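Colleague: Please find the sequence and the predicted model below.
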There are 2 protein chains.
Amino acid sequence: MFDAAPTAAELSNISIFRCSNCMRAESCFGAALDGAICNRHGESLPVLDIFARGKHLYSVDDKVEQIYIVRSGAVKTYHLTADGEEQIVGFHLPGDVVGIDAVATGTFQSSAVAIAVTEVCRLPISAIHGRSAESLSFRQAVLGGVGREIQRLHRLLYLERCTAEQRLAAFLLGHARKLPKSGGVSGAAKMAVMLPMSRADIGKFLDLATETVSRMFSKLQSAGIIAVHGAEVELIDLATLQTYASAAQQTVSRRSKVH
Amino acid sequence: MFDAAPTAAELSNISIFRCSNCMRAESCFGAALDGAICNRHGESLPVLDIFARGKHLYSVDDKVEQIYIVRSGAVKTYHLTADGEEQIVGFHLPGDVVGIDAVATGTFQSSAVAIAVTEVCRLPISAIHGRSAESLSFRQAVLGGVGREIQRLHRLLYLERCTAEQRLAAFLLGHARKLPKSGGVSGAAKMAVMLPMSRADIGKFLDLATETVSRMFSKLQSAGIIAVHGAEVELIDLATLQTYASAAQQTVSRRSKVH
DNA sequence: CGTGCGCTTGAGACGCGTCAACGTGCGTGG
DNA sequence: CCACGCACGTTGACGCGTCTCAAGCGCACG
């Protein structure tokens, strides 16, 4: 269900897409690039585009010409280690910016590939820099975007120092928080998330073997905290999941059991 | 030797310090803040300051009023985990910027403490933002600084997925690269580094137990690759150290031995 | 209806953490 | 001056968490 082929209607909409028509505009990082302001610089507007599952948005060596905002679908960003292993550094769901680090570094720090059919808005780098020159609030928006990326990396760094169980719990909660509506854990005590990525990808993100990911899913399920139905996972006891995720209280050591 | 008390002469120099007199000026991120340009904004110049060992430059909750450049000594930045453990996310040696992430995020992502007597330049955040409004090249310098921080975090993320031996090898090489002159590994096949931090701090940085850090030092030493003399470590065989560090060739698995 | 891929589960191996003991160097107080 | 404490580093023995290897299951697809 994450990779239905784009319809002709969807594709025909690409050319006429405008931020001003976008329901996400007021919360969107790229909206400030739209309209006359961009045209003044002779830059193209944010452009809608569709990537099939497995297609790259960019690779590490690519020239940085644009960054992306996910409108639907899902994207993973990853490095290849010296021995050819894939190390996933981020999953990007609708609303997320992909490649913001390139605005600061000038080069892509990772490769990005669609893991489902994915609609994106492309934001030309030149427009971002042009707009930065003239608008304080836009500069702040760019810095804020980069800042959130830094915070994300800090959280990830922290995550990697937890046990397998804690990592998976935090991962699930992280996805729950991103979901529209619910406002995250503060909502109901129960909710469902769809995971567009494979178990192997979750492992490469959390630095766990696929088998360990699977085992932890089973463990959380038999503890009654989640219910697994393939790609869909019900988070039954969000409060307990939370305590698992925040290595919190008792233990001094990363290796000690939370339970 | 890393924590000799600041002399009266050193302290008296603080007030008259100017970037234009600084031997590091041409390569310094903050130099562009100095001089008439800053005064025009009514901002203070970069100010020299000295922190005793154990003194905090800032803590996570602090209001962001300035960031720092290390002139001598050493600083570590760290988080406290929910269970009170210290997680070190960076060591900052002379020439390094401390707190650049706060420019992007608006808040300090970590706390910073001197681990030796440390001279720093303080760069007022307000001057940074003021200067950004008027200078393209300064905006690029700021973005570049933030970008390097992102790259650093990416490398760190990668490091944490290696074996203890690889982590320590990479850590040592990282310090070697920072050293003046040598230009890093490209120089001679042999060099010495002073490590201003304790074994425990190295462990909290690399996510290893102190005992494991110690064991890996011993292991690399008995392999003839390094020679340990307390805080001073001779890197005898940089080439081999390099192969240890870059999980490189053969093995597919993080767990497999490099040797 | 086979073939392959993703997911799960089990058994054994291994890296690293924990606990504990010991040595060394340094500062303090007798 | 030496006795002592204490912080730090090193080394050994052992346990635990996760990886590896392997087998088996369900489901999509040719």
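Modeller: Alright, I've got the coordinates.

Colleague: the helices in the stretch 51-200 of chain A, which residues?
Modeller: Assigned by DSSP state H, counting those that start in this stretch, the stretch 51-200 of chain A shows helices spanning A:100-105, A:125-134, A:136-159, A:164-178, A:199-206.

Colleague: which regions of chain A lie under the pLDDT threshold?
Modeller: Across chain A, the ranges flagged by pLDDT under 70 are A:1-17, A:34-45, A:180-187, A:247-259.

Colleague: Outline the domain layout of it.
Modeller: Domain assignment for chain A, taken from automatic domain parsing, gives A:8-159, A:164-258.

Colleague: closest to residue B:204 out of those?
Modeller: Of all the domains of chain A, domain A:164-258 sits nearest to residue B:204, with 11.2 Å by C-beta to C-beta. C-beta here means a position set from N, CA and C on the backbone, and glycine is covered the same way.

Colleague: which residues touch the residue nearest the centre of chain A?
Modeller: Centroid check for chain A by C-alpha atoms, centre = their mean gives residue A:92 as the closest residue, at 2.0 Å. The neighbours of residue A:92, taking C-beta atoms under 8 Å, 6 or more residues apart in numbering or on different chains as the test, are A:70, A:74, A:75, A:76, A:77, A:98, A:112.

Colleague: how about the residues of the stretch 51-200 of chain A near DNA strand C?
Modeller: A:198, A:199, A:200 (C-beta under 7 Å from any atom of the strand).

Colleague: hmm, which of the residues you listed are the buried ones?
Modeller: Buried members of those, counted by 16 or more other C-beta atoms under 10 Å in any protein chain shown: residue A:199.

Colleague: pretty sure residue A:110 contacts residue B:157?
Modeller: No. Residue A:110 is beyond contact range of residue B:157, at 10.3 Å (criterion: C-beta atoms under 8 Å).

Colleague: Which of these two has more residues huddled nearby?
Modeller: residue A:110 (22 against 17; other C-beta atoms under 10 Å in any protein chain shown).

Colleague: For chain B, see how far away the more buried one is.
Modeller: 7 Å (C-beta to the nearest C-beta, to the nearest Å).

Colleague: Now do the same contact list for residue A:171.
Modeller: Here residue A:171 is in contact with A:159, A:202, A:205, A:206 (C-beta under 8 Å, 6+ apart).

Colleague: Tell me which helix or strand residue A:221 sits in.
Modeller: Assigned by DSSP states H and E, residue A:221 belongs to helix A:210-222.

Colleague: near chain B, anything from that helix?
Modeller: No. Helix A:210-222 stays clear of chain B (C-beta under 8 Å from any C-beta of the partner chain), getting no nearer than 12.1 Å.

Colleague: same for that helix, what does it pack against?
Modeller: Using 3 or more C-beta pairs under 8 Å, 6 or more residues apart in numbering or on different chains; DSSP states H and E, the elements in contact with helix A:210-222 are helix A:164-178, helix A:199-206, strand A:226-229.

Colleague: before we move on, back to that, ok, what's across the strand from the residue nearest to the centre of chain A?
Modeller: Counting by DSSP bridges, residue A:92 is bridged to residue A:75.

Colleague: Please determine how far it is located from DNA strand C.
Modeller: 19 Å (C-beta to the nearest atom of the strand, to the nearest Å).

Colleague: Now for residue A:110 and residue B:157: what residues contact both?
Modeller: residue A:89.

Colleague: how about the helices and strands packed on helix A:210-222, which one is nearest residue B:144?
Modeller: Per C-beta to C-beta, nearest to residue B:144 of the helices and strands packed on helix A:210-222: helix A:199-206, 28.1 Å.

Colleague: ok, residues contacting the closest one?
Modeller: Here helix A:199-206 makes contact (C-beta under 8 Å, 6+ apart) with A:76, A:78, A:85-91, A:115, A:159-160, A:164, A:167-168, A:171, A:195, A:197, A:208-210, A:212-214, A:217.

Colleague: Spell out which residues of the stretch 51-200 of chain A are next to chain B.
Modeller: Close to chain B, as judged by C-beta under 8 Å from any C-beta, the stretch 51-200 of chain A has residues A:79, A:81-85, A:87, A:89, A:101, A:103-106, A:109-110, A:132-133, A:136, A:139, A:143-144, A:146-151, A:153-154, A:156-158, A:160-161.

Colleague: Can you say which of these are buried?
Modeller: A:79, A:81, A:85, A:87, A:89, A:101, A:103-105, A:109-110, A:132, A:139, A:143, A:146-150, A:153-154, A:156-158, A:160-161.

Colleague: I'd like the distance between residue A:101 and residue B:229.
Modeller: 40 Å (C-beta to C-beta, to the nearest Å).

Colleague: One more: residue A:127?
Modeller: Taking C-beta to C-beta, one finds residue A:127 at 55 Å from residue B:229.

Colleague: The two: who's more crowded?
Modeller: residue A:127 (22 against 8).

Colleague: That one contacts residue A:33, correct?
Modeller: Yes. Assessed by C-beta under 8 Å, residue A:127 is found in contact with residue A:33 at 5.0 Å.

Colleague: Which residues belonging to stretch A:161-168 are considered buried?
Modeller: A:161, A:162, A:163, A:164, A:165, A:166, A:167, A:168.

Colleague: hmm, back to that, against residue A:78, how distant is the residue nearest to the centre of chain A?
Modeller: For residue A:92, the distance to residue A:78 - C-beta to C-beta - is 11 Å.

Colleague: for DNA strand D, what are the nearby residues on the stretch 51-200 of chain A?
Modeller: By the rule C-beta under 7 Å from any atom of the strand, the part of the stretch 51-200 of chain A lying against DNA strand D is A:163, A:164, A:165.

Colleague: what about 6 Å?
Modeller: A:163, A:164 (C-beta under 6 Å from any atom of the strand).

Colleague: re the thing from before, okay, and the common contacts of residue A:92 and residue A:78?
Modeller: Joint contacts of residue A:92 and residue A:78 (C-beta under 8 Å, 6+ apart) are residue A:112.

Colleague: Among the domains of chain A, which comes closest to residue B:178?
Modeller: domain A:8-159 (19.1 Å).

Colleague: where's that closest one relative to the chain centroid, distance-wise?
Modeller: Here domain A:8-159 is found 11 Å from its chain centre; the criterion is C-alpha atoms, centre = their mean, to the nearest Å.

Colleague: mind listing what residue A:78 touches?
Modeller: A:86, A:87, A:88, A:89, A:110, A:111, A:112, A:113, A:204 are the contacts of residue A:78 under C-beta under 8 Å, 6+ apart.

Colleague: quick one: it and residue A:88, what's the gap?
Modeller: 5 Å.

Colleague: rewinding a little: of the domains of chain A, which is nearest residue B:64?
Modeller: domain A:8-159 (11.2 Å).

Colleague: Enumerate the beta-bridge partners assigned to residue A:194.
Modeller: Beta-bridge partners, per DSSP bridges, of residue A:194: residue A:232.

Colleague: Settle this for me: it is touching residue A:234, isn't it.
Modeller: No. Using C-beta under 8 Å, residue A:194 makes no contact with residue A:234, being 10.7 Å away.

Colleague: thinking again about what came up before, next, the buried residues of the helix holding residue A:221.
Modeller: Neighbour counts over helix A:210-222 (16+ other C-beta under 10 Å) mark A:212, A:213, A:214, A:216, A:217, A:220 as buried.

Colleague: Just want the angle from it to helix A:164-178.
Modeller: 70 degrees (axes from the mean of the first three to the mean of the last three C-alpha atoms, to 10 degrees).

Colleague: Run through who's touching helix A:210-222.
Modeller: By C-beta under 8 Å, 6+ apart, the surrounding residues in contact with helix A:210-222 are A:164-165, A:167-169, A:199-200, A:202-203, A:206, A:208, A:226-228, A:233, A:241, A:244.
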